[in-house]
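S.K.: My questions concern the predicted model and sequence given below.
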Amino acid sequence: MALRFSRWRRGPGFSTLLLLGFVAAALIGGVTVVWQTVRAERQQREQATRTNAVLMALRDISRTAVNGETGQRGYLITLDRRYLAPYLVAREQYRGNLARLRKLMGPELTPRQRALLGEIETLSTDRFAELGESVTLIRGGDLLEARRRLLTDEGQDMMERLRLAVAELEQLELGAFEAARERAVAAEARILPLLAVLLVVILATLGLGLVQVIRAADAEARAENAEELRRARDQADLLASELNHRVKNLFAVVLAIVKMTGRGQPEARPTVDRIAQRIHALLTAHDVSQGTSARRSAALHELVATALQPYRSEDHACTVEGPPVELPEHAIVPLGLVLHELTTNAVKYGAWAEPGGELTVRWELTGGRLRLDWSERAAAPVPATQGGRGFGSALIDSSSRQLGGTIERTFTTAGIVVRIEIPLSA
């Protein structure tokens with residue numbers, strides 16, 4: 001017996017290490033996915049800025065080539081030097097435009113991008129050299145030679161090849177931007193599976209925590225030495241405190257991911273807020289279940305007060321009556337969710353929707369069964385018809401099945417009346 005107890009105290013067992021591994025993996029995975037999402041979105045923004053700048057530079061190159069050709073041909077036709085102005089401006093600009101494009105493209109280019117960039121530079125340089133020779137011939141009075149060169153297809157061929165190279169490079173840049181956008185979308189899509197994984201980890205954490213608590217209780221019951229028993233109890237309390245702390249941390253991570261998922265999507269904000277409220281309700285019910293007693297239970301009066309406290313005021317009258325009742329552990333969370341849902345509905349649609357409404361919560365014990373009556377009396381008459389069945393109604397029905405009892409709702413002109421009957425035995 002002593003040897004077994006000594007081994008239990010010696011260090012964390014396999015299940016404890018497995019629990020810590022689950023928690024660590026979940027947190028590391030969450031941080032990794034969030035970091036990858038942020039990085040993908042940042043890369044998308046950088047790619048969008050670069051793509052826009054490259055497209056503008058390519059269009060400037062095309063425009064300078066067209067302006068140079070327009071000025072040269074206008075001068076050839078009219079022999080008026082004023083028509084040379086677009087050519088002279090374009091000749092001064094095209095080298096700067098080429099340098100700006102190369103700088104924007106950067107050193108990390110695909111072979112095709114590098115080939116297209118070199119082709120654009122070569123064609124632009126050759127085209128302006130050909131235009132310069134033509135202008136020189138015209139200035140020297142050799143109009144026949146200048147016109148002969150104009151009538152050849154060499155200049156037209158260079159312009160066509162330049163347009164094709166510019167268009168292909170534009171398509172490559174747009175393709176790079178689309179690839180960055182798809183990576184950002186894929187990174188965002190990984191957030192939702194991570195949320196499911198974290199929920200599984202929470203359940204695994206609670207299950208492994210229950211195993212640890214059972215082992216600690218068994219060690220305490222079998223220990224014969226008072227000192228060993230005291231140390232075992234201290235270690236069990238420390239373990240329960242650590243598990244409670246980690247469960248709260250996991251709830252916080254889930255809540256943060258839910259809110260982050262809805263960020264930037266205004267149409268999803270109401271749904272995100274409702275999910276966040278229900279996660280808060282779970283956390284509140286969990287907090288109530290963590291008392292100083294070795295027996296995992298909670299006072300019904302405390303659970304009801306916790307659900308009503310955020311909304312009680314002088315305008316929201318409330319009566320809470322009933323004998324002391326200790327709820328078993330399995331009933332705390334589902335009953336806490338039901339009370340939270342009823343309180344929220346009372347504030348939004350029921351007795352507390354307008355000042356002057358009254359809410360009464362009474363309960364009694366009969367033969368090991370708890371009967372709780374929730375009665376609302378609104379300040380003004382309300383329709384005595386049942387509304388549509390939403391997620392809240394489904395949640396209440398699911399909780400009643402989990403409690404192994406019944407929940408009856410009656411709608412009157414004064415307000416809703418809910419009767420909850422559940423067994424208190426496990």
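M.R.: Received, thanks.
S.K.: C-alpha from now on. contacts and neighbour counts both.
M.R.: OK.
S.K.: count of residues packed around Q265?
M.R.: Look at Q265: counted by other Cα atoms under 10 Å, it has 10 neighbours.
S.K.: Identify the residue spatially nearest to L117, adjacent ones excluded.
M.R.: Excluding its sequence neighbours, the residue lying closest to L117 (Cα to Cα, 6 or more residues apart in numbering) is R102, at 7.5 Å.
S.K.: Counting neighbours, which bits of the helix or strand the one you found falls within end up buried?
M.R.: Using DSSP states H and E, R102 sits in helix 85-105. Residues 85-87, 90-91, 94-95, 97-98, 101-102, 105 are the ones in helix 85-105 that count as buried (16 or more other Cα atoms under 10 Å).
S.K.: re the thing from before, quick check: the residue nearest to L117 touching L116?
M.R.: No. Using Cα atoms under 8 Å, R102 makes no contact with L116, being 11.1 Å away.
S.K.: quick revisit: which one of the buried residues of helix 85-105 is nearest to V54?
M.R.: Using Cα to Cα, L101 is the member of the buried residues of helix 85-105 that lies nearest V54, at 6.3 Å.
S.K.: Would you mind measuring from that closest one to P423?
M.R.: Using Cα to Cα, to the nearest Å, L101 is found at 77 Å from P423.
S.K.: and what of R362?
M.R.: 16 Å.
S.K.: Neighbour count: these two, which is higher?
M.R.: P423 (19 against 16).
S.K.: Which pLDDT value belongs to the more buried one?
M.R.: pLDDT, P423: 91.
S.K.: correct me, but it touches T366?
M.R.: No. Between P423 and T366 there is no contact under Cα under 8 Å: 9.7 Å.
S.K.: Which is the succeeding secondary structure element to the helix holding R102?
M.R.: helix 111-139.
S.K.: Restricting to C-alpha, output the helix or strand that that following helix is followed by in CSV.
M.R.: With elements assigned by DSSP H and E, the helix or strand that comes after helix 111-139 is helix 143-151. What follows is helix 143-151, C-alpha atoms only, in CSV (Å, rounded to 0.1, in the frame of the first residue of the first chain):
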residue,chain,number,x,y,z
LEU,A,143,13.0,61.9,-96.3
LEU,A,144,12.9,59.1,-98.8
GLU,A,145,15.1,56.8,-96.6
ALA,A,146,13.1,57.8,-93.5
ARG,A,147,9.8,56.9,-95.3
ARG,A,148,11.3,53.7,-96.7
ARG,A,149,12.2,52.5,-93.2
LEU,A,150,8.7,53.5,-92.0
LEU,A,151,7.1,51.4,-94.7
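S.K.: Would you indicate which residues of helix 143-151 are buried?
M.R.: Residues of helix 143-151 classed as buried by neighbour count (16+ other Cα under 10 Å): 143, 146-147, 150.
S.K.: can you give me the angle the helix or strand containing L169 makes with helix 143-151?
M.R.: L169 belongs to helix 154-189 when elements are defined using DSSP H and E. Calculated by axes from the mean of the first three to the mean of the last three Cα atoms, to 10 degrees, helix 154-189 forms an angle of 40 degrees with helix 143-151.
S.K.: Helix 154-189 relative to helix 85-105, how many degrees between them?
M.R.: 30 degrees.
S.K.: Show the subsequent helix or strand relative to helix 154-189.
M.R.: Next along from helix 154-189, by DSSP H and E: helix 191-222.
S.K.: The residue minimising distance to the centre of the chain: what's it in contact with?
M.R.: Centroid-nearest residue in the chain: T261, 2.2 Å away (criterion: Cα atoms, centre = their mean). Counting by Cα atoms under 8 Å, 6 or more residues apart in numbering, T261 touches 191-192.
S.K.: for the one 5 residues further on, same thing?
M.R.: Applying Cα under 8 Å, 6+ apart, one finds that P266 lies in contact with no residue.
S.K.: how far does stretch 399-411 stretch from start to finish?
M.R.: First-to-last residue span, stretch 399-411, Cα to Cα: 20 Å.
S.K.: for it, which positions count as buried?
M.R.: For stretch 399-411, the neighbour count (16+ other Cα under 10 Å) marks 399-400, 403, 405, 407, 411 as buried.
S.K.: Inside strands: which ones of these?
M.R.: 407, 411 (DSSP state E).
S.K.: JSON lines for the buried residues of helix 85-105, including distance to G68?
M.R.: Output for the buried residues of helix 85-105, formatted as JSON lines (distance: Cα to Cα, whole Å):
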{"residue": "A85", "distance to G68": "9"}
{"residue": "P86", "distance to G68": "6"}
{"residue": "Y87", "distance to G68": "4"}
{"residue": "A90", "distance to G68": "5"}
{"residue": "R91", "distance to G68": "7"}
{"residue": "Y94", "distance to G68": "9"}
{"residue": "R95", "distance to G68": "13"}
{"residue": "N97", "distance to G68": "14"}
{"residue": "L98", "distance to G68": "15"}
{"residue": "L101", "distance to G68": "19"}
{"residue": "R102", "distance to G68": "21"}
{"residue": "M105", "distance to G68": "25"}
